[in-house]
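In: Structure of the sequence below:
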Amino acid sequence: MALKLDDKYVWDFWHYAEDGMQHLFFLQADRSIGNSDLRHWHVSIGHAVSTDLRNWSVKGRVFGPAATPAWDDYTTWTGSVIKAEGCYHLFYTGTCRAENGLRQRIGHATAASIDGPWTRVGNGLALDLDERFYEEHEDGGWHDRALRDPYVLAEKIDGKYHMFFTARRNQGGKFERGVIGHAVSDDLVTWEATAPVYDGGHYGQLEVPQVFERDGQWFCTFCNAREHWAPALRAQHGGGVSGTSYLVAGDPLGPWRPAERFLDGDVPCRRYAGKILADPVTGGDCLLAFEDTGPDGGFLGGIGDPIALALEDGRYALVT
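Out: The predicted structure is shown next:
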């Protein structure tokens with residue numbers, strides 16, 4: 001396991017590369033909480049650096065929940081980091097204690113250095129839910145109000161910055177509402193939600209999107225558990241698997257379509273929240289993911305070693 005902390009659970013992460021250094025920002029929680037399921041509610045954001053994606057130097061905690069009361073005083077979850085407009089930008093997911101963490105919103109902080117310190121822009125709030133396109137939380141419906149995991153492109157397209165996130169559309173079956181949401185901005189500060197770029201009706205939720213281009217084709221990785229697949233999709237694939245898959249498109253704004261084959265999945269889930277990254281050692285692409293379920297059925301909580309990928313005819317596959 002490439003990045004394992006003896007005293008902390010480590011899970012979702014995002015990546016930034018600059019000047020030969022690989023930066024990982026990741027969710028972490030003290031192992032002393034006992035039950036690993038509680039990690040989501042005792043979370044902060046950590047930072048580690050590497051030259052090869054295999055040997056990591058841990059910088060420690062760099063960001064966390066705001067002081068109460070605030071819209072993000074309970075959790076700060078998965079996001080992305082870019083450099084633009086003369087500084088570094090951290091976009092993240094936040095929830096508040098007053099709402100028992102049920103309603104997610106997207107936050108924004110900046111720093112002069114990739115090492116921080118990170119300062120919220122205003123009160124930090126960048127994007128709230130737009131009910132024209134996305135589902136509000138309702139009792140008896142989904143387990144939360146999904147508006148999380150922002151992935152922001154560093155380069156403008158048609159004069160706008162573009163943010164992709166996970167959410168649920170406000171119509172359709174319970175396990176058919178998961179979408180890749182979309183928002184645009186002129187300046188990275190003021191954001192406007194638009195219609196989803198993908199709402200294929202196959203999943204209850206898609207998590208941790210990553211949008212990038214290779215060889216003229218665009219890819220959007222995501223992860224989810226088979227329990228969140230639409231029943232028809234589970235039946236079609238023998239009950240499904242949990243892990244990382246991807247969408248493909250000729251343009252980052254779509255239309256997006258599911259890949260012809262799943263990228264990396266198991267039952268029970270072995271790896272989760274995978275990212276496709278350029279491997280500085282091999283020169284090719286690799287899959288980096290956090291280690292989920294161990295041989296004893298418990299949560300492992302660390303970042304695994306890079307797994308080589310082959311890209312042929314616009315399709316990725318693990319090199320075994």
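In: So residue 37 lies in a strand, does it not?
Out: No. Residue 37 is assigned helix when assessed by DSSP: H, G, I helix; E, B strand; the rest coil, not a strand.
In: So for it, what pLDDT did the model give?
Out: Residue 37 carries a pLDDT value of 97.
In: Please report how far residue 65 lies from residue 112.
Out: 23 Å (CB to CB, to the nearest Å). Yep, even glycine has a C-beta here, placed from its N, CA and C like the rest.
In: Who has more neighbours out of the two?
Out: residue 65 (19 against 11; other CB atoms under 10 Å).
In: pretty sure that one is in contact with residue 77, am I right?
Out: No. Assessed by CB atoms under 8 Å, residue 65 is found out of contact with residue 77, at 10.1 Å.
In: any common contacting residues for those two?
Out: Common neighbours of residue 65 and residue 77, using CB atoms under 8 Å, 6 or more residues apart in numbering, are 43, 94.
In: pLDDT below threshold where in the protein?
Out: Residue ranges of the chain with pLDDT under 70: 139-140.
In: how does it look with 80?
Out: The chain contains residues with pLDDT under 80 at 138-140, 320.
In: for the stretch 101-250 of the chain, what spans make up the strands?
Out: Using DSSP state E, counting those that start in this stretch, the strands found in the stretch 101-250 of the chain span residues 105-111, 119-127, 147-152, 161-168, 178-185, 191-198, 207-214, 217-224, 242-249.
In: And those strands: which comes nearest residue 89?
Out: Checking the strands of the stretch 101-250 of the chain against residue 89 by CB to CB gives strand 105-111 as the closest, at 5.5 Å.
In: quick one: contacts for residue 298?
Out: With CB under 8 Å, 6+ apart, residue 298 has these contacts: residue 36.
In: how close does it get to residue 7?
Out: Computed as CB to CB, the residue 298 to residue 7 distance reads 16 Å.
In: ditto for residue 124
Out: Relative to residue 7, residue 124 is positioned 28 Å away (CB to CB).
In: And these two? Which one has more around it.
Out: Between residue 124 and residue 7, counted using other CB under 10 Å, the more crowded position is residue 124 (21 against 8).
In: List the contacts of that one.
Out: Contacts of residue 124 (CB under 8 Å, 6+ apart): 66, 70-72, 94, 107-109.
In: please redo it, this time with the cut-off set to 10 Å
Out: Residue 124 is in contact with 66, 70-72, 76, 90, 92, 94, 105-109, 118, counting by CB atoms under 10 Å, 6 or more residues apart in numbering.
In: Also residue 88?
Out: Residue 88 touches 16, 18, 23, 81-82, 109-116, 118, counting by CB under 10 Å, 6+ apart.
In: Filter those down to just the buried residues.
Out: Among those, those classed as buried by 16 or more other CB atoms under 10 Å are 16, 23, 81-82, 109-111, 114, 116, 118.
In: just checking, residue 3 touches residue 47?
Out: No. Contact criterion CB atoms under 10 Å: residue 3 and residue 47 do not qualify, at 11.1 Å.
In: overlap in contacts of those two?
Out: Residues touching both residue 3 and residue 47 comprise 24, 26, 57-58, with contact defined as CB under 10 Å, 6+ apart.
In: from those, which two are the most distant?
Out: Using CB to CB, the shared contacts of residue 3 and residue 47 span at most 13.4 Å, a distance reached by 26 and 57.
In: When those two are compared, which one has more neighbours?
Out: Neighbours were counted for residue 26 and for residue 57 using other CB under 10 Å; residue 26 has more, 25 against 11.
In: Can you list the buried residues in the helix or strand hosting that one?
Out: If you go by DSSP states H and E, residue 26 is part of strand 21-30. For strand 21-30, the buried set under the neighbour-count rule, 16+ other CB under 10 Å, comprises 22-29.
In: And the residues you listed, which is closest to residue 163?
Out: Taking CB to CB as the measure, residue 163 lies nearest residue 25 of those, at 16.6 Å.
In: Next one: residue 312 relative to residue 215, how far apart?
Out: Distance, residue 312 to residue 215, by CB to CB: 11 Å.
In: same thing with residue 153?
Out: According to CB to CB, residue 153 stands 18 Å off from residue 215.
In: Same check on residue 134?
Out: Distance from residue 134 to residue 215, by CB to CB: 32 Å.
In: More neighbours: those two, which one.
Out: Neighbours were tallied for residue 134 and for residue 215 using other CB under 10 Å; the higher tally belongs to residue 134 (21 against 6).
In: What sits closest to the more buried one if chain neighbours are left out?
Out: residue 167 (4.5 Å; CB to CB, 6 or more residues apart in numbering).
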